[in-house]
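Student: Only the shape, not the letters, is given here:
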């Protein structure tokens with residue numbers, strides 16, 4: 001997509017946005033979409049998964065705490081304790097953290 005759709009197209013596509021139209025069959029390991037034209041985007045799922053995998057690897061390698069930012073999908077561990085004790089191993093953009101919301 002290189003441009004936003006016009007208003008009529010956008011309104012006609014709203015019917016395709018409904019998680020209830022996703023049919024999961026765990027027995028056959030399949031996923032079906034009820035409406036023609038429906039799509040599933042895995043960008044958010046993939047980024048979250050990758051961030052969690054990176055977090056697991058860093059923890060395994062002994063990084064005491066930090067934040068993995070995968071384009072807005074954050075995976076964190078022990079970062080308050082680590083920041084307060086000056087042990088942070090990963091660079092952090094301070095605009096991403098508001099400590100007043102952690103406590």
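Tutor: Happy to help now that I have it. Quick caveat: nothing in here was measured; it's all calculated off a predicted structure.

Student: Report the mean confidence score over the helix or strand hosting residue 8.
Tutor: Here residue 8 is covered by helix 7-13, with elements defined by DSSP states H and E. Across helix 7-13, pLDDT averages out at 90.

Student: Name the residues that touch it?
Tutor: 4, 5, 37 (CB atoms under 8 Å, 6 or more residues apart in numbering). C-beta here means a position set from N, CA and C on the backbone, and glycine is covered the same way.

Student: try stretch 35-47
Tutor: Residues from elsewhere that reach stretch 35-47 (CB under 8 Å, 6+ apart): 13, 15, 16, 18, 21, 22, 31, 33, 70, 71, 72, 73.

Student: Low-confidence regions, this structure specifically.
Tutor: In the predicted model of the chain, residues 1, 42, 44, 79-103 satisfy pLDDT under 70.

Student: show me where this structure has strands.
Tutor: For the chain, the strands defined by DSSP state E occupy 22-25, 30-33, 66-70, 73-77.

Student: Which of those strands has the highest mean neighbour count?
Tutor: strand 66-70 (a mean of 19; mean count of other CB atoms under 10 Å).

Student: Show me what that one is packed against.
Tutor: If you count contacts as 3 or more CB pairs under 8 Å, 6 or more residues apart in numbering; DSSP states H and E, strand 66-70 packs onto helix 43-60, strand 73-77, helix 79-84.
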